[in-house]
Structure formats: C-alpha cells, structure tokens
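S.K.: task: produce atomic coordinates for the following.
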Amino acid sequence: MNYEAVIGLEIHAQLLTKTKIFCGCSTEFGSEPNSQTCPVCIGMPGVLPVLNKRVVEFAIKTGLAMNCKIAPYSRFARKNYFYPDLPKGYQISQYELPICEHGYVDIVVDGVNRRVGITRIHMEEDAGKNIHERDSSLVDLNRAGVPLLEIVTEPDIRTPKEAAVFMKKLRAILRYLGVCDGNMEQGSLRCDANVSIRPVGVTEFGTKTEIKNINSFRFVEKALEYEIKRQIKVLSEGGTIVQETRLWDAERGVTFSMRSKEEAHDYRYFPEPDLVPLEVSREWIEEIKKALPELPDQKFQKYITEYALPEYDAQILTEERAIAEWFEEAVALGGKAKEVSNWMMTELLRLLNENNMDITECKITPEHLVKLIGLIDKGTISRNIAKKVFAEIFESGKDPEAVVKEKGLVQITDTSEIEKMVEDILSQHPKEVERYRNGEQKLLGFFVGQVMKASKGKANPKAVNELLRKKLSS
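M.R.: Sure thing, here's the model as predicted:
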C-alpha cells in the first residue's frame, strides 16, 4: 500500500529583545548560570509580571509577515506543569485567544509552489535549562522568562523535504524582520514535528506522533524520514501506531519514545490572573505594517524583474537580509547586477563559508567589489588576478588599487612584450606546435596557460589568445 505523510510543525522562536517578557532581566546568551535572574523570573511568591511592549510588537510584526489576522483582543493563560526548570510550576503562555491566527507561508519545493497554513502565533515565556552531569542535575534559570513566539502550522506539509524548506523560509523571514537570530544550535529556534501517515487518497488523518526539540534543518528532514519509514513498517506488519512523544537521536539516526499519550501532561489552562487582557489598536498595527522591511519573496521578485537575475541567483542572494543588502549597495554604487551577483556567489560566499563567517563580519565592502570590477573593465588587471586581489581584500580590508600597486599586479598590455613571451613558449614546445597545426586545436588552452604562467598571470588574456592564434596559423 502507498502511504503519504501528514506533517505539522510547532516552532519556538526566541525573540531578540534586550530584556525578558515579564521583567527587566537581560536576555543575553552565554552568561554565567543564574546571573540574569530576579524574583519575577525565578517565580518568587507575591511578585507580579509586567508585559514587555517590544514582545507584542515583534509578535504583530511576525504575524503580518506571515499573512495572519492580528487579534485586537487577546489574553494570556497559565499552562500548568511541574519541572525543575520552571520554578513557579506554570508557564505564562496564550491559549484560546492568541494574538495571531489564520496565516500562511508560501514555499517552492523542486519547482512546485506550496502554501503552508499558519494556525496561530502566540507569545509565551521560555523555561530555564537543565544541565545533566554524571552524578547530578543542575538548573540554570537565565533562560527562564526569555520571550518566545510559538508558531503552529496547519498539517499541510507532505514530505520531510517540504518541512526543511519551510523551516529555512521561516528562519529567513524571522531574520529579515530582526525578531529572532534563528540560531538553532543555541536553541533560539526550536522545532517540534507532528507526523502521521495515511493511505494515498484517504482524507482522514492517521494517529500522529510528536518529535520534540529538533535543532537543525538537516535533522528535521532526517527525523521525519525515519519516523515515516518506522510508521509504514509498523502498519505493514499489522501493528498500530501509538500516539506518543518521541525524541530524535542524531548519532544513531533514529527516533525513540519519550512518553505515551497516557503519560502526557494535562496543562489545566486558565486565564492568567496577574495580567489584564491585551488590546492593540488598529493604528498601532498599521504603523507596524508600514515599517515592515522588504521580505524574501518581495526581494526575489524584484531581483528577477528589476535586476534581470536568473531565479537561482535571486534565490541565493535573498536567503539572508544582510547578503541582499550587500548586493543592493554594490549595485547602487554602479556595479552591474549580474557581475556583482557572480562575484558574490563564486568568491564572497565561498570565502564566508570557508571561514565560517557572517557577511556582516567580513572586511570586504560593496565599494571594494565595485572598484575591483572597474579595474578589470579598464584592463588594469585580469579576472584571474582580480580573484587573488579579492582574497587579499577579504583578509586585509585594503583598497583594491592599493593591493594591485603593492603586489605589482598591473596587467601587461604591451603587445610587443606579450609577443616575445608567446614566441618563447612556442619555441620551447615544438612538438605541441606541430600537433596543433595538425588539427589538435584544443592545445591552444595549453599554450595560453604556459604564457600566463610565464607572465605570472599578468599578461592580458585577450592579447595572449590573439597572438597565439596568429603565430600558430602563420
């Protein structure tokens, strides 16, 4: 029997506010354990939460970017459960009245457009962190009270690849908005996946399992692939799927049971008595909407229509806001869009990946690249030399003209000097000359390479090609 998967995701995005959702403690990552706490976020008796306005702004901004309806009236709720990293015994979240509902995000998978519905986006506080050592478990409450958005999708995803593409798109939107850094390794973007299978053509849902806390795009895809195969095997062998929560073991490449439905929590939600219901004005929503940045889909279309870039280039350049802004600045300074795109994708992004570096950290600027392209256009340096200059600027941040001057890289354009090099190379390789003249035209590349090597890459390639053809055909 052929089965299809039905997948829905629950994503927790940690917000980039300076302070926590209900107190003034810092949200900075990596500080000493329990150094960023106060009576409010560690749950001391008698304290009262005060809502951080910036959290509400970020929630509205995210909802608008994902085509949600923003509720003018929403309410916080207590979600009751007991765990060492939740000292007050409940989490302040939203339940029946979330701030954002009924949105969608469009993705493209293997050239096919897919729309993934967003059920809801709501605000809540994060719990602390348990640190398990050999003989003991410790609790760090620095993360307790850090603001989160929980983004819940409709069960519209059908393949693990679609899930991974959706997560990448979601992360790009959050980073464009500046509301979340999307760092999955540090836990600022976390994903739970609900998955079930059903025979192809059947509309009823099967029994779902939940996979908790997946922390990379690759693991999202791998965990879902494994779980779908596991469920198909169970049904094929006459078994039944148990509704349960499972964890992903990245080392073994398997999911394993954490708790069954019988062990699942009853959260006993009720309205949070220490916070009044939240009302947001239409005027404020419109103000936030007008201030939204250009998002990945908008930039993608602009790069194709206004800059005449291929879809592949547009896709790569719009994945990160900082990369898109770097590109646009270079074009604004006079660089030709396709030329700038080529340099960014072949040289800049390669060097960034090799050095595990963000574009905001590198020393080369859009102005550097435009100047470098200008030196090629003027014939001052060849394209091959320009690549070496680019690498030097990436390391030092020096001006391209200064690097060319310091290294003595100015291109040789004197045809008499190049002609002498060509004659020397031809005289050194008489057998290859004879083979070329007997029809092995591909040897031209060999001769070009030898001349460029002799000139240390400084000879004008066009002049080299022309002189070689002339000498070899005479």
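
S.K.: remind me which residues of the stretch 351-474 of the chain are low pLDDT?
M.R.: Scanning the stretch 351-474 of the chain for pLDDT under 70 picks out the ranges 409-414.

S.K.: all the helices of it, in order from the start?
M.R.: 366-377, 383-396, 400-407, 415-428, 430-437, 443-454, 461-473 (DSSP state H, counting those that start in this stretch).

S.K.: deepest of these, which one?
M.R.: Highest mean neighbour count of these: helix 366-377, a mean of 19 (counted as mean count of other CB atoms under 10 Å). (Glycine included, C-beta is placed from N, CA and C.)

S.K.: could you tell me the angle between that helix and helix 400-407?
M.R.: 60 degrees (axes from the mean of the first three to the mean of the last three CA atoms, to 10 degrees).

S.K.: can you pull the contacts of residue 208?
M.R.: Applying CB atoms under 8 Å, 6 or more residues apart in numbering, one finds that residue 208 lies in contact with 6, 194-196, 243.

S.K.: repeat that for residue 90.
M.R.: Taking CB under 8 Å, 6+ apart as the test, what residue 90 contacts is 78-81.

S.K.: now the buried members of these.
M.R.: With burial judged by 16 or more other CB atoms under 10 Å, the buried subset of the contacts of residue 90 is 78-80.

S.K.: just give me the closest of the residues you listed to residue 374.
M.R.: residue 79 (59.6 Å; CB to CB).

S.K.: where does that closest one land in three-state SS?
M.R.: Classification of residue 79 by DSSP: H, G, I helix; E, B strand; the rest coil places it in strand.

S.K.: I'd assumed residue 95 was in contact with it.
M.R.: Yes: between residue 79 and residue 95 there is a contact at 7.3 Å, judged by CB atoms under 8 Å.

S.K.: hey, what's in contact with both of those two?
M.R.: With CB under 8 Å, 6+ apart as the test, residue 79 and residue 95 both reach residue 269.

S.K.: so what are the sheet partners of the lengthiest strand in the chain and their directions?
M.R.: If you go by DSSP state E, the chain has its longest strand at strand 112-125. Applying DSSP bridges, strand 112-125 is found paired with strand 100-109 (antiparallel), strand 147-153 (antiparallel).

S.K.: looking at the ones you listed, which is buried most?
M.R.: Highest mean neighbour count of those: strand 147-153, a mean of 23 (counted as mean count of other CB under 10 Å).

S.K.: for the helix or strand just after that one, the distance to its chain's centre please.
M.R.: Going down the chain from strand 147-153, the next helix or strand is helix 160-177, by DSSP states H and E. Remark: helix 160-177 is offset 7 Å from the chain centroid, using CA atoms, centre = their mean, to the nearest Å.

S.K.: mean confidence score for helix 160-177?
M.R.: Across helix 160-177, the average pLDDT comes to 97.

S.K.: and the angle for that helix with strand 100-109?
M.R.: 120 degrees.

S.K.: the helix or strand following helix 160-177: how far from the chain's middle?
M.R.: Downstream of helix 160-177, the next assigned helix or strand under DSSP H and E is strand 189-199. Offset of strand 189-199 from its chain centre (CA atoms, centre = their mean): 21 Å.

S.K.: do the same with stretch 442-452
M.R.: 42 Å.

S.K.: tell me which residues are up against it.
M.R.: Stretch 442-452 has contacts (CB under 8 Å, 6+ apart) with 384, 418, 421-422, 425-426, 428-429, 432, 435-436, 459, 461, 464-465, 468-469, 472.

S.K.: again with stretch 267-275
M.R.: By CB under 8 Å, 6+ apart, stretch 267-275 touches 48-49, 51, 75-81, 92, 95-96.

S.K.: closest to residue 347 among the residues you listed?
M.R.: residue 51 (47.1 Å).
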